[in-house]
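Colleague: Just the structure for this:
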Amino acid sequence: ALNKRVLALGGAKNHLVALDDCDVDMAAQDIVASFAGCCGQRCMAAPALLVVGENQPLMDAVLAKASALRPGTERGQVGAVIDQASVERIHRYISEAEAGGATILLDGRSWTAEAEAGNWVG
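Modeller: Sure, this is the predicted structure:
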């Protein structure tokens with residue numbers, strides 16, 4: 001009614017909240033582990049982060065840690081998503097966000113072409 005955007009998620013997904021006095025390195029590590037673990041395809045993955053106040057150091061730390069992620073099956077790497085339909089859906093979500101005016105700070109769509117055989121999205 002008020003023409004406002006809202007992000008309302010159901011199901012078992014969790015949301016993260018970072019307060020302005022958080023330990024930046026610890027919070028950044030936990031945030032990245034949440035969305036990168038199991039490629040975000042688990043109930044404990046956090047699809048939304050609410051940062052209370054201005055906290056550019058936290059955002060910079062999350063971006064740096066996420067930029068260091070690589071596709072693979074070794075400890076600390078990000079595994080493939082479940083199937084090609086998931087790859088296509090994730091690519092569509094990113095493209096729709098970009099078309100809607102979102103700024104893509106780290107684009108993992110290139111993993112699909114760069115990584116070995118499998119269903120990869122960074």
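
Colleague: does the residue lying closest to residue 65 once chain neighbours are set aside count as helix, strand or coil?
Modeller: Residue nearest to residue 65 in three dimensions, not counting chain neighbours: residue 32, with 4.4 Å by C-beta to C-beta, 6 or more residues apart in numbering. C-beta here means a position set from N, CA and C on the backbone, and glycine is covered the same way. Per DSSP: H, G, I helix; E, B strand; the rest coil, the secondary structure class of residue 32 is helix.

Colleague: Contact partners for residue 32?
Modeller: With contact set as C-beta atoms under 8 Å, 6 or more residues apart in numbering, residue 32 has these partners: 62, 65, 66, 69.

Colleague: Show me what counts as buried in the helix or strand harbouring residue 49.
Modeller: Per DSSP states H and E, residue 49 falls inside strand 48-51. Within strand 48-51, the residues scored as buried using 16 or more other C-beta atoms under 10 Å are 49, 51.
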